[in-house]
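**Q** can't give you the sequence, but here's the structure:
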Ligand SMILES: Nc1ncnc2c1ncn2[C@@H]1O[C@H](COP(=O)(O)OP(=O)(O)O)[C@@H](O)[C@H]1O
Ligand SMILES: Nc1ncnc2c1ncn2[C@@H]1O[C@H](COP(=O)(O)OP(=O)(O)O)[C@@H](O)[C@H]1O
Ligand SMILES: Nc1ncnc2c1ncn2[C@@H]1O[C@H](COP(=O)(O)OP(=O)(O)O)[C@@H](O)[C@H]1O
């Protein structure tokens, strides 16, 4: 995250001295970015909520919204300390003065950045919230709501925080090995996507998944499109905010990240439309929305490291690869309901690797004939897959034995909205 | 609002000299914040609109949307002059050069802040818009639409503007007495909540409120969740924007306000879920959304004055207290339809008082053994309740005698959407 | 766009020296503005999508969403080069180093502004996306989806890019003649509105338009209101972002543009409500939303050039004029389905002319007795109408002959959602 | 046994249910099936506005209620529906209609009971 | 008196109403009740797409119309519905069905009229 | 010919369709029309929550199926519906009812066929 300021297209400039004061522009942008990333959570809730059946629209949205509550608290209490506290051997952070953010000096800038540390805490906290929410897409319409909540907080603590530390903390062991992850391709998307797959396999498919005669259709694609719009909007904070600074010259990275984000999303939307047109002769709105998200995912690790033209290519590739990845679940009969793995997992892996191909700053990639970075990226990808997958398996195994992973058959049939929440999403027939 | 820059954790620094120029970062953040607060109005419209029955979804949303038009104009014409014009004895502002904002020098920074005065005008104007819109929640589904519009503009002029002057203008009599209201706990939430209660009592309950056999159910909780998401997002502008500056060192306050806002909302969401689980064994989406709002309300007066850890506590307390406050209406048979009083009034009072307990900057509160500030806060609360309640009673009495407060029985039965607006919210059955 | 920094209320200050570095506040604001303008596209999709019948809700939204993909790519590849590349005689831009934005020096500020050029590229790109999307409102519910996509990209290339160059590039022939268009009244709204009318005439009316017995009703006005809210929110980026800078003293223009935007929208909402009340005795939510948009359109060319008080007047006038303009289609039997011409075309023309009346900075308008600027504005309006109208006619003629402009009768009857996209907007009846 | 199908104003459903509750043996627990239909009769449809343009909707939303009753309850049921559904004082166009269709068999799924006792 | 229930394609409702208007005495003001149903017959259901996967919907959305008419109008009504609902030129699977049920009584709620004149 | 109207739990529709498919000659292609209704019988309505307050909904959402069949299929159809719709093991309140109404005529719009063969 901070790496890009050190070399690459800034290489020829002297290193920015540690600022003693806040830069007001950077602070403004990071406050804005933090708000934008928070908005992605309702955006995700709409995106997912629109795709499920009416009887599960609320419980699906709640899996995202509740993360704002649960992880919102967890992050302030311990999450930040675990992720960005003083490194214990590059493996985990810790700093008891960071508990409940109590010991943070409010008027001191964070690290070498020109923003208050609390703003950095908040920005990072939004990432911690949305990551477990992404997982819910794989187990929608059947996982027990309360178990998912518990899973959320355990997973955030045992999987997300360590991984964030490894990849982003200055002493994190993957960071020190030079793995690039600009805005969370590995920490957020691979981790969430792979965990989603493991969880989906353990929860098992919906009772009517892949059954002859059963037609599972999205209750409200307008929500899904709206959600995709909010996600794209918020993603500018996610990616361009990951530059952390907009003063001269670091603002160039923010501008670049903004541009690559936009480019990849657009190209991916176009490519998904093309795939669908070629495959079925129709262009769907869900497909366009999915393409946007795939493009945004793929460019996340690369946003500040690649040129806009290559971002177009990455976006297009993301749609082609994710489109096929999504088809696998029908062939292999696992129920990744809303394709959390198919889009985020696969897109994240692709993005992390392609970063090693197309990067030009701060290091050169395969394009310039150098395979070193690709190797480092592969290391990051491998570690994330193994760690997130394995840890999720352990956590879910314990939860399965204790709370149960799955809603009752009656709940699944009638929808969890009524049984678990005592509500229905829509009451359109009341007089 | 401006108070926090003077003492507290900045105490050890020399006072910032009055800037002769704009600070571009602060200007950027305040433009952003103003836009964010405007977005809260559609957010509120969705939040409220989702909770009413289908037949009233538009009229309920219109009560918020129309405030953007009505108060949008009122504020530019006279509202700002009344609130922030030269003080007439601390009681009201006035400055004829501010009529239609005509005499504002566009290139001069506002007061000791580094932003154009017009930006401050706009930021404040959004507060004036959303406050009367909040009231509509108490009288939804039965108050006459046109009377509500008139009420809106009269109330904004006779209640909101004076109160804003007392609490926030440098010479306002409550400000000079040291009442703290960081972002509008008193001016916005207590004023709106108490007025809402008075108005609800005067309008009377819906014909089917609390009646055996009648089931009033929300038409679309997806809207309510979405609205809650937009409110939270916008509230970052509301609270962190109230720091008005992000340059060094004032940016620390913005960062703190952002953090406490996030913390309180998250903790309150969690606490409301816990309350519901304990009370009914179910966790509702409306409950989660309500908890978020209660937490945001309670932290509003305190945002720049308390530490993040205490914000968690405030948020949790807000949900516990508001949850019970909301139950009262069924016991006492008053119809605060969407709990404008139960959440905003009660949450606002709680927040204003707790500010006096937990504040550490610019003054110390009860936590440090000093009860002075709590006394001042109680003064502010008392004044706001009496003034807003009394004035609302007078205004509503006049309107009752002249225009009538209540929709006709036929309108109430069929919904105002069709009768008053000539529209229906949804036409899902058209071919 | 850049003109305002040179004279007017800054006249008395020395010209800002070309900055050698980024201004972090301006960069922050422009990143934010770019994101805000992107959000207008989903906003527009909701605004339009709510107004059509259920069977076309997705295809209508897709016409906007797909522009994010199609023009998103076009702009990066060639659009920016055509609009803002080195001027070829004031008629078109070109610079092969700008292809795929490849030759942009990322650490050099753009022109005399304190922001990275890539940020400017992105900000401008969002305008290029939304403009063709606006056109879709005139041909909703019957134009062939794939033809519209092709139209979008051809129109953006042959109409939008040249016009943007003429009006906004430093060497553009209309710019050099002193035509004022602060944020796109001419380039965006007149161009889109007039093209929309031409296209609507060529596509022909919907089969049940203006037919006895047929009642075409909006499927979901909640979407339309929500969309209007997002549009207003995003428009702050559109207009106040067009100041491009927020440092001293240029920040004053941003503040002014923000204020006039808010003022015009509010006044227009109020005026449209009044018109409806007077005409039909009812105040509709669609009317309020339409008023907001009309006000935002009219103030777009004037935002940084007029005082807030006059913005109120412009907004009110916009609603009166557009309200009547919208009625024309029933009299003359052309089917501008969602009034892209009636609101954007007419509102844009009105705004461009009134800019010449009310402007005070950088030049004086008719109000000060000087008709020169009004003449220049009329030139801009005339050129835009003739050019956009004529070019649209040519493009559409070719498309008509090759791909066909119109959906089949069966598609129109059943809705394009099912036939073209293989989806339905809502599945509310699934168990 | 008869199947009584009535088409009424949605807003009168409440009153109709009250009237039915009073006459049908089962007290509050009488049985009824309700759905929403579009009706076209003498009543004018509603007028909505779309940007200043009046849109006339030909059809009117109505509530349809279906009750299966034993023969001795037919007249009581009709009378109760009439009482509840008629707009005071003299009824108005749009108050609706009641139709009676012969019912040959009724089966209670839970028990398999048939005929009058299954109703 | 008969109750005529027809299940037709939603898109043909317009044509059916026109045809009915032409034969029924009451002119434009003929009475009809409409609702939307899901039908399962010989017609294939629609195919929708979900991220590249074809979802086959077994049921088809149909419009159901109900007309209560006096005996002399039964055949005219059936003929009109057939005319309006049949897809040219030879009809197609999915065009629908018409069912005729005996109607024993009709009551106009507004006036209390019964029988043929209440229809 | 009879028109069989059954009101069942929405969640049992699947099972009912399976049972019907097994007995009706046409195999998978049997014909049926479905819609959603609100029912009020012995079954308690659902309880929803609104900010800590319990809201009791009197009516229950039910699925109504309509099948028109020739006389020889009536009993088979009734039996199949019963089999599919009854909650194991002994049925429960809310399982629903089956009503049988005489059907005088059936017309296939596509071909104009009438009577038993049009069903
Ligand atoms: N003969 C009929 N066949 C079918 N539906 C009918 C018939 N007559 C009336 N209806 C239904 O009853 C509703 C109310 O009829 P209404 O307008 O009150 O009739 P009238 O005023 O002529 O008695 C109509 O909207 C229609 O749905
Ligand atoms: N016997 C029946 N019972 C109930 N509904 C029927 C019956 N036959 C047809 N329908 C309804 O009529 C609709 C149209 O039938 P259709 O597919 O045209 O039949 P076919 O082509 O065999 O004549 C079906 O979708 C179904 O809703
Ligand atoms: N006599 C009736 N008339 C109309 N509808 C009925 C009748 N009896 C039952 N129903 C419908 O059947 C549904 C199921 O009835 P149910 O509660 O199972 O009855 P029970 O338990 O008394 O047999 C009801 O909700 C209602 O919609």
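**A** Noted; the coordinates are in hand. The structure displayed is predicted, hence computed values, not measured ones. Ligands and ions are numbered 1, 2, ... in the order given.
**Q** buried sites along the host helix or strand of residue A:390?
**A** Element membership of residue A:390, judged by DSSP states H and E, is helix A:372-402. Of all the residues in helix A:372-402, those buried under the rule 16 or more other C-beta atoms under 10 Å in any protein chain shown are A:373-374, A:376-378, A:380-381, A:383-385, A:387-389, A:391-392, A:395-396, A:399. Every residue, glycine included, has its C-beta placed from N, CA and C.
**Q** Who does whatever residue of chain D ends up closest to chain B form a beta bridge with?
**A** With distances taken as C-beta to the nearest C-beta, chain D approaches chain B most closely at residue D:49, which sits 4.0 Å away. For residue D:49, the beta-bridge partners are residue D:54 (DSSP bridges).
**Q** Report the separation between the residue in chain D positioned nearest to chain E and residue C:268.
**A** Nearest residue of chain D to chain E: residue D:91, at 3.4 Å (C-beta to the nearest C-beta). Using C-beta to C-beta, to the nearest Å, we find residue D:91 at a distance of 46 Å from residue C:268.
**Q** So which of those two has more stuff around it?
**A** Here residue D:91 and residue C:268 are set side by side on neighbour count (other C-beta atoms under 10 Å in any protein chain shown), and the busier one is residue C:268, at 35 against 17.
**Q** quick one, what contacts that one?
**A** Contacts here follow C-beta atoms under 8 Å, 6 or more residues apart in numbering or on different chains; on that basis residue C:268 touches B:69, C:291, C:292, C:294, C:295, C:296, C:298, C:315, C:316, C:318, C:319.
**Q** So it, which state does it fall into?
**A** Three states are possible here, and by DSSP: H, G, I helix; E, B strand; the rest coil the one that applies to residue C:268 is helix.
**Q** Find the nearest non-adjacent residue to the residue in the stretch 51-200 of chain A that chain E sits nearest to, please.
**A** Of all residues in the stretch 51-200 of chain A, residue A:51 sits closest to chain E, with a separation of 8.2 Å (C-beta to the nearest C-beta). Residue nearest to residue A:51 in three dimensions, not counting chain neighbours: residue A:218, with 4.5 Å by C-beta to C-beta, 6 or more residues apart in numbering or on different chains.
**Q** go on, residue A:164?
**A** Nearest residue to residue A:164 in three dimensions, chain neighbours excluded: residue A:83, at 4.3 Å (C-beta to C-beta, 6+ apart).
**Q** hmm, who's touching the helix or strand harbouring that neighbour?
**A** If you go by DSSP H and E, residue A:83 is part of helix A:80-84. Outside helix A:80-84, the residues within contact range by C-beta under 8 Å, 6+ apart are A:92-96, A:98-99, A:101, A:120-121, A:124-125, A:128, A:157, A:160-162, A:164-165, A:168-169.
**Q** taking those one by one, which sit in strands?
**A** In strands, judged by DSSP state E, the following of the contacts of helix A:80-84 are found: A:92, A:93, A:94.
**Q** Export those residues to a markdown table and append columns for pLDDT and neighbour count.
**A** Supplementary listing: these in a markdown table, determined by pLDDT from 0 to 100; neighbours: other C-beta atoms under 10 Å in any protein chain shown:
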| residue | pLDDT | neighbour count |
| --- | --- | --- |
| A:92 | 97 | 18 |
| A:93 | 97 | 23 |
| A:94 | 95 | 14 |
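**Q** any chance of those in JSON lines, plus distance to ligand 2?
**A** Formatted as JSON lines, the ones in strands among the contacts of helix A:80-84 follow (distance: C-beta to the nearest ligand atom, whole Å):
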{"residue": "A:92", "distance to ligand 2": "62"}
{"residue": "A:93", "distance to ligand 2": "63"}
{"residue": "A:94", "distance to ligand 2": "66"}
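**Q** and which of those is nearest ligand 3?
**A** Here the nearest of the ones in strands among the contacts of helix A:80-84 to ligand 3, counting by C-beta to the nearest ligand atom, is residue A:92; it sits at 58.4 Å.
**Q** For stretch A:342-354, give the mean pLDDT please.
**A** In this model, stretch A:342-354 carries a mean pLDDT of 98.
**Q** Next: stretch A:264-280.
**A** Mean pLDDT, stretch A:264-280: 98.
**Q** And for stretch A:189-203?
**A** If you average the pLDDT values across stretch A:189-203, you get 98.
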